[in-house]
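[1] here is my input; please provide its structure:
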Amino acid sequence: MLDLSTATDTELVPAARQGDGEAITRLVERHSPRLYRYLTRLVNDPTLAEDLLQETWLRVVERLDQYDRRHPFGVWLFAVAHHCAIDTLRRRGRQGFQVEPQENEEGEVLDPVERIADPAPSVLERLAERELEERVAKMFVHLPAHYRQVLALRFQEGMQLEQISHVLRLSLSTVKTRVQRGLRLLRQRLEQMGWDDHE
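    Sure, this is the predicted structure:
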């Protein structure tokens, strides 16, 4: 018999597919805090993030049979949440919100999530000591959203580049480029503030 308190995602998902409510509850409890934090950063609205969290789990339960076990469950879950957020922002766009397609400085077309400001504290807290962390946090919220997305998934959520590629449905080379450019831009802005990494 499956011990839900110690069961892995790999063990819980088949049980959830068969309608085991306790297995679903365990997955929700395990993944919701990180998922909520990510959604809050994406949409800049805690109330909307809560709604999106619920909508994500509804979609997950409905589509568990589509989950590809070659990928970690958490990666698939973040992909569902990301696309749920985009769908919601696009729907709001049709209801009068400004979400017209825009391009960034590299000519990439940005989806509606790309223009959302992020008030959350630093997602790079493990990269620096306290003082630098505060400076990084101030600069991070002003980065373009397409850089914040990949940096948040890489450094806050600890995802591998291949997993980020799967979540955001971007090529691996695009993810690598965005991580590099995002870090470079963050460093440039910190240097403009007078930070010296040799201090």
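[2] mind listing what residue 68 touches?
    With contacts defined as C-beta atoms under 8 Å, 6 or more residues apart in numbering, residue 68 is in contact with residue 76. Where you see a C-beta, it was placed from the backbone N, CA and C, and this is true even at glycine.
[3] what strand or helix carries it?
    Counting by DSSP states H and E, no helix or strand carries residue 68.
[4] distance check, it against residue 166.
    With distances taken as C-beta to C-beta, to the nearest Å, residue 68 is found 9 Å from residue 166.
[5] and the strands in the chain?
    Here the chain has its strands, by DSSP state E, at 102-103, 109-110.
[6] go through those strands and find the least confident stretch.
    The stretch with the lowest average pLDDT out of these is strand 102-103, scoring a mean of 52.
[7] looks like residue 166 contacts residue 77 (just checking).
    No - under the criterion of C-beta atoms under 8 Å, residue 166 is not in contact with residue 77, lying 11.1 Å apart.
[8] okay, these two: which has more neighbours?
    residue 77 (25 against 21; other C-beta atoms under 10 Å).
[9] so who does the more buried one touch?
    31, 35, 56, 60.
[10] per-residue confidence at the residue nearest to the spatial centre of the chain?
    Nearest to the geometric centre of the chain sits residue 38, at 4.5 Å (C-alpha atoms, centre = their mean). At residue 38, the model reports a pLDDT of 85.
[11] distance of it relative to residue 159?
    Taking C-beta to C-beta, one finds residue 38 at 10 Å from residue 159.
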